[in-house]
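Asks: coordinates only, no sequence provided:
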């Protein structure tokens, strides 16, 4: 709820205070002449910090998006990391290394001097105990050297230090380990050619990039292993081209296999099955007579009758060749229904286990040759490749989806945290993010305590003072009370100029919200006292007042996409604001409901009944003098 403008009576009062402040006199202008410049520098520094934070978040988001889109290609990932690291950290160049049995190998680099690049590509020897990589691996911590030329490694003529200083002109450097499964797998380094140490934010940024690089390398390794397995198991030939043209689809591959096996071996018809360890399942048919097709369709999955070729294949895991099935003790269904005579059944074996079978038939007695059996064996191997490729592709798809989901979650969490921290204490924002839901921010009713605070004499001050002075004063004021609000788990509902509304017990419940609000007010009074005295010495006649009320309100987010606020709607907010209006400088006025909740913990004095605007009945207010318990 937006706080209404104060009445004309209060404006007159402010004018009188302004005139009074003028009579009291101001500090000579000469003593204040540097203050606008100081304030301007503070504003510029604040803007710079905000710009740097935005730049860091943008860089992190960019890298995460590139990881999601790279599909295992590390070059664009590393290029983005190195580019952002050198730009944000104001470094001349940067490098990424991976360790092969403890030996650093240059993985990627940006703007590294050619002579140093050539040295790094030849391999980096570990010679002295002061070697940078040796020290980093041993400590598993980042290595930050302010002046490489003055470092013991260079003094001891460690080859890497000598090359870095003399070939690359390195003075200040930062090397951060890339760790996977508690093992240092590489390092991320940025370098300056002047003695200028890196700041803590820059170290944290490079540490984040190092962690992301380790994730990207591991993902690429997994993806490359899957692809290598796919390449190794896909040789050449017709069937393999079909596998390549229809990844993950087994039906066209099986159809091509049984077609080629039947044709190349001069068979009349052919059948292909997969095996689940207990039953056979129909996978493909080629030129099978209608009666046999109907039989397979009705039968579905099956266990072969004892003594049939498939039964013997299950038991032997070897090729079963039959010259004339009519002579067998138990003729198979193809013999009974399709006139099969000679046939071979070839197992599809994976790691010694049966995965399926290819069976081709002739309707005359004409046993298949060994070379024809080898052809079917090759097709059986290709069928296994197709099955394995389908499994790997499913895993690859799942892995890519998991990576995409993880990156999306990280980006969403960064955006959520940025949005929540705008109006919630850090601990509240962290709790909401950890819970995975923002239901606490949806519209709801709750019993809360509201605290309203504003400055006395601010309107007159802002009309007569320079804008830079006004902004500097507000900054000090907001910083002081902002830290106190977070300390007592309050939620900043809104602030407008010198007016600040804080609520307790929402969106996350807190014990004794009324007592927390009173403690906050006492802490504000104590902290603002020193500030007000400082302002008065500068000629600013300012004070403050606080109002506290307790009751039910409707709370939730209001606004529009891109600009949401958290608001409390209800009488309790109005009462707190009106009590603040009635408070004299330095007073903390509380309502009777607040007093009932905290009367054992504070000392108060009644200040009378007030007819508050928007409140039907006069309200008795009490001024808080002190707390009986420690804050």
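Replies: Cool, got the structure. All figures in this text were calculated on a predicted structure; none of them were measured in a lab.
Asks: use CA for all of it now, contacts and neighbours both
Replies: Noted.
Asks: checking residue 548 next. Helix, strand or coil?
Replies: Here residue 548 is strand, with the state taken from DSSP: H, G, I helix; E, B strand; the rest coil.
Asks: what's the burial count for it?
Replies: By other Cα atoms under 10 Å, 34 other residues sit near residue 548.
Asks: equivalent analysis for residue 575, please.
Replies: Neighbour number of residue 575 under other Cα under 10 Å is 26.
Asks: can you give me the helices for the stretch 251-400 of the chain?
Replies: Using DSSP state H, counting those that start in this stretch, the helices of the stretch 251-400 of the chain run over 290-299, 309-316, 333-338, 370-420.
Asks: now residue 484. Nearest residue, chain neighbours left out?
Replies: Leaving aside its chain neighbours, residue 484 sits nearest to residue 520 (6.4 Å; criterion: Cα to Cα, 6 or more residues apart in numbering).
Asks: contacts for the one helix or strand that neighbour maps to next, please.
Replies: Here residue 520, judged by DSSP states H and E, is contained in helix 513-537. Identification of contacts with helix 513-537 by Cα atoms under 8 Å, 6 or more residues apart in numbering yields 27, 448-451, 477, 480-481, 484-485, 488-490, 503-505, 541-543, 546, 548, 550, 586, 588, 594, 597-598, 601, 626-627, 631.
Asks: from those residues, which land in strands?
Replies: Members of the contacts of helix 513-537 lying in strands (criterion: DSSP state E): 448-451, 503-504, 543, 546, 548, 550, 588, 626-627.
Asks: and those as TSV, adding pLDDT and distance to residue 354?
Replies: As requested, the ones in strands among the contacts of helix 513-537 are exported to TSV (pLDDT from 0 to 100; distance: Cα to Cα, whole Å):
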residue	pLDDT	distance to residue 354
448	94	69
449	96	72
450	95	73
451	96	75
503	93	69
504	94	68
543	88	88
546	95	81
548	96	78
550	95	75
588	95	84
626	89	84
627	86	81
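Asks: farthest-apart pair in the residues you listed, please.
Replies: 448 and 543 (26.8 Å; Cα to Cα).
Asks: more neighbours: which of the two?
Replies: residue 448 (27 against 21).
Asks: contacting residues for that one?
Replies: Here residue 448 is in contact with 503, 504, 505, 506, 513, 514, 550, 551, 552, 553 (criterion: Cα under 8 Å, 6+ apart).
Asks: if I read this right, the second one contacts residue 490, doesn't it?
Replies: Yes - taking contacts as Cα atoms under 8 Å, residue 504 lies within contact range of residue 490: 5.0 Å.
Asks: ok so, going back, buried members of the contacts of helix 513-537 into PyMOL, please.
Replies: Here is the PyMOL command that selects the buried residues among the contacts of helix 513-537 (16 or more other Cα atoms under 10 Å):
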select buried, resi 448+449+450+451+477+480+481+484+485+488+489+490+503+504+505+541+542+543+546+548+550+586+588+594+598+601+627
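Asks: picking up where we left off before, need the worst-confidence member of the contacts of residue 448.
Replies: Among these, residue 506 carries the weakest pLDDT, at 86.
Asks: any idea how far it is from residue 95?
Replies: 48 Å (Cα to Cα, to the nearest Å).
Asks: same check on residue 177?
Replies: For residue 177, the distance to residue 95 - Cα to Cα - is 12 Å.
Asks: between those two, who's got more neighbours?
Replies: Between residue 177 and residue 95, counted using other Cα under 10 Å, the more crowded position is residue 177 (27 against 24).
Asks: not counting its neighbours along the chain, what's nearest the more buried one?
Replies: Nearest non-adjacent residue to residue 177 (Cα to Cα, 6+ apart): residue 187, at 4.4 Å.
Asks: check contacts around that neighbour.
Replies: Counting by Cα under 8 Å, 6+ apart, residue 187 has contacts 96, 97, 98, 175, 176, 177, 178, 210.
Asks: sorry, back to before: for the helix holding residue 520, buried residues please.
Replies: 513-525, 528, 531-532, 536.
Asks: got the domain ranges for this protein?
Replies: For the chain, the domain assignment from automatic domain parsing gives the residue ranges 8-26+423-627, 71-226, 238-387.
Asks: least confident of those domains, on average?
Replies: domain 8-26+423-627 (a mean of 83).
Asks: re the thing from before, including distance to residue 371, could the contacts of residue 448 go into TSV?
Replies: Below are these laid out as TSV (distance: Cα to Cα, whole Å):
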residue	distance to residue 371
503	86
504	85
505	83
506	81
513	88
514	92
550	93
551	92
552	89
553	87
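Asks: quick check: phi and psi on the nearest residue to residue 268 once chain neighbours are set aside?
Replies: Closest residue in space to residue 268, ignoring its immediate chain neighbours: residue 362 at 4.9 Å, by Cα to Cα, 6+ apart. Residue 362 adopts backbone torsions of phi -120, psi 150, taken as degrees, to the nearest 10.
Asks: am I right that residue 362 is in contact with residue 338?
Replies: No - counting by Cα under 8 Å, residue 362 does not reach residue 338; the two are 9.9 Å apart.
Asks: more neighbours, the two?
Replies: residue 362 (25 against 19).
Asks: list the contacts of the more buried one.
Replies: 266, 267, 268, 269, 340, 341, 342, 343.
Asks: which of these has the most neighbours?
Replies: Of these, with other Cα under 10 Å as the count, residue 343 tops at 29 neighbours.
Asks: quick check: bridge partners of residue 499?
Replies: residue 496 (DSSP bridges).
Asks: next up, the contacts around it.
Replies: With Cα under 8 Å, 6+ apart, residue 499 has these contacts: 452, 453, 454, 455.
Asks: among the residues you listed, who's most crowded?
Replies: Going by other Cα under 10 Å, residue 452 tops the contacts of residue 499 with 30 neighbours.
Asks: does it touch residue 576 like I think?
Replies: Yes - with contact defined as Cα under 8 Å, residue 452 counts as touching residue 576 (5.6 Å).
Asks: any common contacting residues for the two?
Replies: With Cα under 8 Å, 6+ apart as the test, residue 452 and residue 576 both reach 547, 548.
Asks: tell me how far residue 549 lies from residue 597.
Replies: For residue 549 relative to residue 597 (Cα to Cα), the value is 11 Å.
Asks: was I right to think residue 624 contacts residue 586?
Replies: No - Residue 624 lies out of contact with residue 586 (Cα under 8 Å); the separation is 10.0 Å.
Asks: what do the two both touch?
Replies: By Cα under 8 Å, 6+ apart, no residue touches both residue 624 and residue 586.
Asks: report pLDDT for the residue positioned nearest the centre of the chain.
Replies: Residue closest to the mean C-alpha point of the chain, counted by Cα atoms, centre = their mean, is residue 410 at 1.8 Å. Confidence at residue 410, expressed as pLDDT, is 72.
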